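Engineer: no sequence on this one, just coordinates:
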RNA sequence: GGCGCCAUGGCCAAGUGGUAAGGCAAGAGUCUGCAACACUUUUAUUCUCCAGUUCGAAUCUGGAUGGCGCCUCCA
């Protein structure tokens, strides 16, 4: 099967054909750094990571850009409330975000541009849009004239003529030709304090949407392959991005628009007032490793709502242990007689894995195939029908699947307490030899208390950390 | 009001016209000093409901019910 994606623009699955053979350019709308990112944010970034890893698995040369929005109304409001400079304020959340990406096992974006480093580019684009008749200025504010862009509303399937002018629109503090026109540049106001830029188009700050047009163009060119984000960004953000980019160049900007559904918690929209709002940090504090969250967030098809529950998180942890135990146990398996069935299992799994992911990133389907594989190989192992060569081939296959999933977790060998654990395991082995099972069980229970799980096998006792 | 998504076993979830993957949980067994790991095995004549199309429907059509989202803050 050929790789295909459901394109939000056409609303159907389309075969993926890159603009440049063998290369894929992807832009993802990154976080606005006014707070710690919540698990819903990470759900969106997560399938972006899977997408990117799978394209690499398919031998594409991938360029992945994820921006950081470091200027917006909330950043101004909250940094002032905390009496911090904008830079100082955002740094906390940028650092936290990068740490979070790391604990969730993300590949680092190839380019991670900051909005405020691209003010010049934004000014140039706004000037160009004015020249081309897509933008106008009123009292130092610049607006995009959506009536000038004939395809406006096409991505979100909105009929702009039929839009009601609601309370939020009329409450806008700036004057505009049309209520639906959106801000490209906001003139300086006293309440902005020291947050402003002096530019050829005046003193002020950029609107939200212009940054993504400028940064995607700068790092990926006027025309690139894939743009991702959450469904809520489809309108107005991505609609506006298209209007800006294409108004500026006069040609198509993005081939495939991918939008992920939201995460809900215990069946309800996540909100602070309901008390079901979680940052990644909240979850980790409850004792779950990042990789457990990764498993849960990535295991559901991205265009389907994901219902986050702690029961689900516990199930994810158990699944993940099976996945990792499989790899660990296979690595230490000495190898036996072959019955020549392993090659077939490997080929079948590889095909099933790729067919599933080729079909618009069906991770659930791919996981089903991988768990079939785990059972098939474990059975061969149990019956001693897997040779050392077959073991190596199975491991290679599994690790190639894991280059996409990244569910493998490692026990650090330089762990400071690992020698202590080894010595306790030795004490337990001695106790077992002396039939002092009470002591042996106590050692095992004590270690479990510290999050260390012991597993006895013919080849001795292994230990692993609880995730 | 307009646009759109979803409903599959106790929980999660794939399958989109050919007779219900997979994971978790639970029960039974093998292994084990006991566990854990692993293996074997049991658990949906049935896919929210009602009609229809078809030789055949979880899958297509119409309707109903329930849940969710977007319609200028939002992943």
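Structural biologist: On my side now, so go ahead. Since this is a predicted model, take the numbers as computed values, not measurements.

Engineer: C-alpha from now on. contacts and neighbour counts both.
Structural biologist: Will do.

Engineer: Next, residue A:24: secondary structure please.
Structural biologist: Recorded secondary structure, residue A:24: strand (DSSP: H, G, I helix; E, B strand; the rest coil).

Engineer: which SSE is the nearest residue to residue A:49 once chain neighbours are set aside in?
Structural biologist: For residue A:49, ignoring the flanking residues on the chain, the nearest one in space by CA to CA, 6 or more residues apart in numbering is residue A:106 at 6.2 Å. Using DSSP states H and E, residue A:106 sits within no helix or strand.

Engineer: Pull out the buried residues from stretch A:294-304.
Structural biologist: A:294-303 (16 or more other CA atoms under 10 Å).

Engineer: now do the same end-to-end measure for that stretch.
Structural biologist: 16 Å (CA to CA, to the nearest Å).

Engineer: do the same with stretch A:240-258
Structural biologist: OK, stretch A:240-258 end separation, CA to CA: 16 Å.

Engineer: one step back: restrict the buried residues of stretch A:294-304 to those near RNA strand B?
Structural biologist: A:300-301, A:303 (CA under 7 Å from any atom of the strand).

Engineer: The closest residue to residue A:202 other than its chain neighbours: what's it in contact with?
Structural biologist: Ranked by CA to CA, 6+ apart and with sequence neighbours excluded, the top spatial neighbour of residue A:202 is residue A:140, at 6.4 Å. Residues in contact with residue A:140 (CA atoms under 8 Å, 6 or more residues apart in numbering) are A:186-187, A:201-203.

Engineer: Reformat those residues as a markdown table; add distance to residue A:30 and neighbour count.
Structural biologist: Listed next are the contacts of residue A:140 as a markdown table, based on distance: CA to CA, whole Å; neighbours: other CA atoms under 10 Å:
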| residue | distance to residue A:30 | neighbour count |
| --- | --- | --- |
| A:186 | 22 | 20 |
| A:187 | 25 | 21 |
| A:201 | 27 | 17 |
| A:202 | 27 | 18 |
| A:203 | 26 | 16 |
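
Engineer: Contacts only, for the residue in chain A positioned nearest to RNA strand B.
Structural biologist: Relative to RNA strand B, the nearest point of chain A is residue A:230 (2.5 Å; CA to the nearest atom of the strand). Contact analysis of residue A:230 by CA under 8 Å, 6+ apart lists A:44, A:259-262.

Engineer: Between all of those, which two are separated the most?
Structural biologist: A:259 and A:262 (9.6 Å; CA to CA).

Engineer: and for these two, which residues touch both?
Structural biologist: A:230-231.

Engineer: Pairing partners for the residue of chain A closest to RNA strand B in the sheet, please.
Structural biologist: residue A:260 (DSSP bridges).

Engineer: Are stretch A:138-155 and RNA strand B in contact anywhere?
Structural biologist: No: using CA under 7 Å from any atom of the strand, stretch A:138-155 stays clear of RNA strand B, coming no nearer than 7.9 Å.

Engineer: Report whether the one helix or strand residue A:218 maps to contacts RNA strand B.
Structural biologist: Under the criterion of DSSP H and E, residue A:218 resides in helix A:210-220. No: Helix A:210-220 lies out of reach of RNA strand B by CA under 7 Å from any atom of the strand, never closer than 11.2 Å.

Engineer: Show me what that helix is packed up against.
Structural biologist: Applying 3 or more CA pairs under 8 Å, 6 or more residues apart in numbering; DSSP states H and E, one finds that helix A:210-220 contacts strand A:23-28, strand A:61-66, helix A:119-131, helix A:239-249.

Engineer: give me that answer again for 10 Å
Structural biologist: strand A:23-28, strand A:61-66, helix A:119-131, strand A:182-187, strand A:224-230, helix A:239-249 (3 or more CA pairs under 10 Å, 6 or more residues apart in numbering; DSSP states H and E).
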